[in-house]
Structure formats: structure tokens, C-alpha cells
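**Q** show me the folded form of this:
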Amino acid sequence: MTLSPTKLMEAYLTEVVAEGRLARIADLAHPDMVDEANQQFGGPPGRDGLVAHAAGFRRAVGGVQVVIDRIVAGPDQVMAQWSFAGTHDGRWLGRPATGKPISGTVFSFFTLRDGKIIR
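**A** Here you go, the predicted model:
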């Protein structure tokens with residue numbers, strides 16, 4: 001079953017980022033997708049890169065809570081503005097863990113092909 005672009009982004013943010021269901025990425029992304037943010041930090045290519053990206057974020061931000069602020073979608077692109085809060089429990093963006101509260105606002109952009117993330 002193909003999800004609408006909005007539902008795909010909701011699934012990524014709630015099921016993968018917030019709940020840690022990394023296996024769900026196999027349903028949401030093409031195997032040869034490109035995760036540019038992950039590649040900037042030397043992560044693996046393809047869908048494995050998106051898994052590494054989400055896993056690294058979840059390791060770094062313990063007890064993460066995610067709030068979806070806005071999703072804007074077209075037929076083959078989707079953008080979300082979302083916020084997170086948790087505890088800085090692991091190394092993230094080159095900074096060692098502090099054990100302190102951490103929060104932020106994020107903009108995620110996906111390009112879709114055949115109803116799945118390609119970039």
C-alpha cells in the first residue's frame with residue numbers, strides 16, 4: 001500500500017524517529033535513496049544511510065519526544081517542520097554527550113519516487 005506524501009512523512013517522524021522502529025524505513029524508502037545529511041558525516045549510502053541517520057539521532061537524544069508542527073506536500077515532494085526534546089545522551093554533530101536537556105526545530109525534506117523516499 002502506497003502512502004500519500006503527508007502520511008509517509010508522518011510515518012517516518014512518528015514510527016521511525018519518535019518510536020525507533022528503524023525496520024519501517026524499508027517500507028518508506030527506496031534501497032538506492034540518497035540521504036545527503038548522513039553522507040556529509042561519512043555515513044553509508046542508500047537506505048542504510050537513512051537507517052544510520054535515524055539510529056544516530058536516537059542514540060544521541062534519549063527519551064526523544066517529537067512534535068510535528070507542519071507538513072507541506074506535493075505529489076513527489078514533502079517537507080515537515082518538527083520539534084524534538086530529550087536528553088543529550090550520546091555524541092551528536094561532533095559534540096560529546098552532556099546529559100542535559102536538548103531540544104530543537106528541524107526541517108526535513110524528502111523527494112519521492114513511486115511513493116517512496118528517493119532523496
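
**Q** which strands and helices sit next to the worst-scoring helix or strand of the chain on mean pLDDT?
**A** Sorting the helices and strands of the chain by mean pLDDT, DSSP states H and E puts helix 36-40 at the bottom, at a mean of 88. On a contact count with 3 or more C-beta pairs under 8 Å, 6 or more residues apart in numbering; DSSP states H and E, helix 36-40 meets helix 47-60. Where C-beta positions appear, they are placed from N, C-alpha and C, glycine not excepted.

**Q** which residues of this structure fall in strands?
**A** 61-73, 77-88, 101-113, 116-117 (DSSP state E).

**Q** can you put those strands in TSV and add mean pLDDT and distance to Pro5?
**A** Listed next are these as TSV, based on pLDDT from 0 to 100; distance: least, C-beta to C-beta, whole Å:
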stretch	mean pLDDT	distance to Pro5
strand 61-73	98	4
strand 77-88	98	4
strand 101-113	97	6
strand 116-117	98	10
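
**Q** now, of those strands, which is deepest in the fold?
**A** Mean neighbour count (mean count of other C-beta atoms under 10 Å) peaks for strand 116-117 among those, with a mean of 20.

**Q** off-centre distance for that strand?
**A** With C-alpha atoms, centre = their mean, to the nearest Å as the basis, strand 116-117 stands 12 Å off its chain's centre.

**Q** which other helices and strands contact it?
**A** The helices and strands touching strand 116-117, judged by 3+ C-beta pairs under 8 Å, 6+ apart, number zero.
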